[in-house]
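Asks: how does the following fold in three dimensions:
(one chain, ligands or ions: 2)
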Amino acid sequence: MDENLPPPLSARFKESFAYPTIKERLPSILAKIADTTFRNKVQIKEKYGEDGCEDLKSIAGCVSKLRNEIMTGKKLIPIQDKRSDVKTWNDYLDEMTVNEGSTPQWFVSPWLYVECYMYRRVQEAVENCSVLRQYDVFMEQKRQSLIDSDQPTLILMNYLFTVTNDIQSGKSLDIQKLFKQLIQVSLWGNKCDLSISGGADNAQKSCPLDQVNTLCDFILRDDLDKIWQYVRDKAPCRVDIVLDNAGFELVTDLCLAEFLTSSKLASQIYFHAKSFPWFVSDVTQSDFDFTFQHFMQSNSLATSQFVTQWKNRLDSGTWKFVVNDFWTSPFPYCEMRKHSPDLYSELSNSSLLIFKGDLNYRKLVGDRSWPPSTDFDTSLQGFSPAPLCTLRTLKADVVTGLCEGKAETIEKQDKNWMINGQWAVIEFAEGMKK
Ligand SMILES: O=P(O)(O)OC[C@H]1O[C@](O)(CO)[C@@H](O)[C@@H]1O
Ligand SMILES: [Mn+2]
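Replies: Ligands and ions are numbered 1, 2, ... in the order given. All right, here's what the predicted structure looks like:
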């Protein structure tokens, strides 16, 4: 490890947000999983019979054991299942053991690593089932949060419908203004994750368009002008969105993608998603499919036209939905080139990478305790497959790229500014010019 880098965030710092996350938030997420699996018993029995019930029992048992391991600060143990990423995880456990001089522990080791490990252990419980190997322990919550966001979704779809019709009919529009607006809608969509709330209802309630104006002052660093100039000069170009949460956030990402495509700023959009349930609300293939199914049942003209168009875009390859196991690995992104060279080179074909959300941000900056005024480029530690930007509301006590004194000023105004999801950053790193 580079001695000059600040230390990784960890629950061993009791005043940091890692500590209550591991002590309270993670155990409560696991308790909720055990709870919902029991509640699903009747349904599962109908569909899968006794084997299904046995699987549910086994998932609940594994999750309760894991909860106990966390609460008693046990050592991390190797993953044991047949998923193709097992070796990666177990090799990393060995590597961390060597680095730390002893086996990693929940309240001692880097927060990023142990928190990712928890979700991989939950998946282990599912992988070892006999009939429920596709089971998603967070499915109900994710679906409900999409349904609970129907109202703001409709407002957004109707608005976008007018915008795209105007574009098509050649009406003169302020594309720059729309670009900035839809980026901000997608940014604030990131408020709606289910991990920060420990799985409690966190759906979008207010009007997503009004929010853009009222929340302007809560953006601590705003590189939108630079991003706009870059995209305008590159257009039409390939844009990659590294997705975060299902539910309303995904709706906002799809709307951003639609705007970029119909305005011809983007020629192609890649959506990157998780290959198994992750940090409660992150998008998987089945969440993406459910979102489309849900839209297909809508009575709204705008929604049903968009969903047909989006399916066509996916069929024709203008849009691509891709998953990669790297996104559900514990590695910070500066290690992507080493651990997933194929993904790194795939991303380098893009003109702009948009990283959504808090966890992506933590991985971009290596989840280290950087002084907030550290240059954003420096904190990326060489990760630069293509020009990139982040749309992130702050839910963890790490941030870089703020101007000198900004953190201190905000701290006086709101002592929870780094963790309450009320503040945000839009940061751009152009990297090496291509
Ligand atoms: O969905 P997001 O924005 O990545 O947030 C995920 C959550 O997980 C954490 O990274 C850790 O629990 C928080 O910082 C945040 O609440
Ligand atoms: Mn998430």
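Asks: for ligand 1, what are the nearby residues on this structure?
Replies: Residues of the chain lying close to ligand 1 by Cβ under 6 Å from any ligand atom are 21, 115, 190, 193, 195-196, 244-245, 279, 357-359, 362, 395-396. For glycine as for every other residue, the C-beta is placed from the backbone atoms N, C-alpha and C.
Asks: show me those that map onto helices.
Replies: Using DSSP state H to define helices, the subset of the residues of the chain next to ligand 1 located there is 115, 357-359, 362.
Asks: is it possible to get CSV of the residues you listed that adds neighbour count?
Replies: Formatted as CSV, those follow (neighbours: other Cβ atoms under 10 Å):
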residue, neighbour count
Glu115, 24
Gly357, 25
Asp358, 23
Leu359, 24
Arg362, 23
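Asks: could you work out the most separated pair of those?
Replies: Greatest spatial distance in these: Glu115 and Gly357, 14.0 Å, computed using Cβ to Cβ.
Asks: in the chain, which helix is the longest?
Replies: Longest helix in the chain, counting by DSSP H: helix 41-71.
Asks: now the helix or strand following that one: average pLDDT?
Replies: The first helix or strand that comes after helix 41-71 along the chain, using DSSP states H and E, is helix 86-100. Mean pLDDT, computed over helix 86-100, is 97.
Asks: what's helix 86-100 packed up against?
Replies: When contacts are defined as 3 or more Cβ pairs under 8 Å, 6 or more residues apart in numbering; DSSP states H and E, helix 86-100 sits against helix 111-127.
Asks: got the angle for the helix it packs on vs helix 41-71?
Replies: Angle, helix 111-127 to helix 41-71, by axes from the mean of the first three to the mean of the last three Cα atoms, to 10 degrees: 150 degrees.
Asks: buried residues, helix 111-127. List them.
Replies: For helix 111-127, burial by neighbour count (16 or more other Cβ atoms under 10 Å) applies to 111-127.
Asks: interface residues of the stretch 151-300 of the chain facing ligand 2?
Replies: 193, 244-245, 279, 282 (Cβ under 5 Å from the ion).
Asks: how is this structure partitioned into domains?
Replies: Following automatic domain parsing, one finds the domains of the chain at 18-127, 139-429.
Asks: how far does the longest one stretch from one end to the other?
Replies: Okay, so that is domain 139-429. 34 Å (Cα to Cα, to the nearest Å).
Asks: picking up where we left off before, possible to save the ones in helices among the residues of the chain next to ligand 1 as a markdown table with pLDDT?
Replies: Output for these, formatted as a markdown table (pLDDT from 0 to 100):
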| residue | pLDDT |
| --- | --- |
| Glu115 | 98 |
| Gly357 | 97 |
| Asp358 | 98 |
| Leu359 | 98 |
| Arg362 | 98 |
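Asks: including distance to Val251, could those residues go into CSV?
Replies: What follows is those, written out as CSV (distance: Cβ to Cβ, whole Å):
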residue, distance to Val251
Glu115, 26
Gly357, 14
Asp358, 18
Leu359, 19
Arg362, 24
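Asks: what's the neighbour count on Gly431?
Replies: Counted with other Cβ atoms under 10 Å, residues neighbouring Gly431 total 16.
Asks: that one in helix, strand or coil?
Replies: Three-state assignment for Gly431 (DSSP: H, G, I helix; E, B strand; the rest coil): coil.
Asks: quick check: Ser267 is in a helix.
Replies: No. Per three-state DSSP, Ser267 lies outside any helix segment and is strand.
Asks: OK, contacts around it?
Replies: Listed by Cβ atoms under 8 Å, 6 or more residues apart in numbering, the contact set of Ser267 reads 236-238, 318.
Asks: what of Gln381?
Replies: Gln381 neighbours (Cβ under 8 Å, 6+ apart): 5, 332, 334, 366.
Asks: now that we have those residues, which one has the most neighbours?
Replies: Sorting the contacts of Gln381 by how many neighbours each has (other Cβ under 10 Å) puts Gly366 first, at 24 neighbours.
Asks: skipping adjacent residues, who's closest to that one in space?
Replies: Excluding its sequence neighbours, the residue lying closest to Gly366 (Cβ to Cβ, 6 or more residues apart in numbering) is Pro332, at 4.1 Å.
Asks: next one: that neighbour from ligand 2, what distance?
Replies: Counting by Cβ to the ion, to the nearest Å, the gap from Pro332 to ligand 2 is 16 Å.
Asks: Lys363 is in contact with that residue, correct?
Replies: Yes. Contact criterion Cβ atoms under 8 Å: Pro332 and Lys363 qualify, at 5.1 Å.
Asks: which residues are common contacts for these two?
Replies: Listed as contacting both Pro332 and Lys363 by Cβ under 8 Å, 6+ apart are Leu112.
Asks: what's the weakest-modelled helix or strand in the chain?
Replies: Lowest on mean pLDDT, DSSP states H and E among the helices and strands of the chain sits helix 208-214, with a mean of 85.
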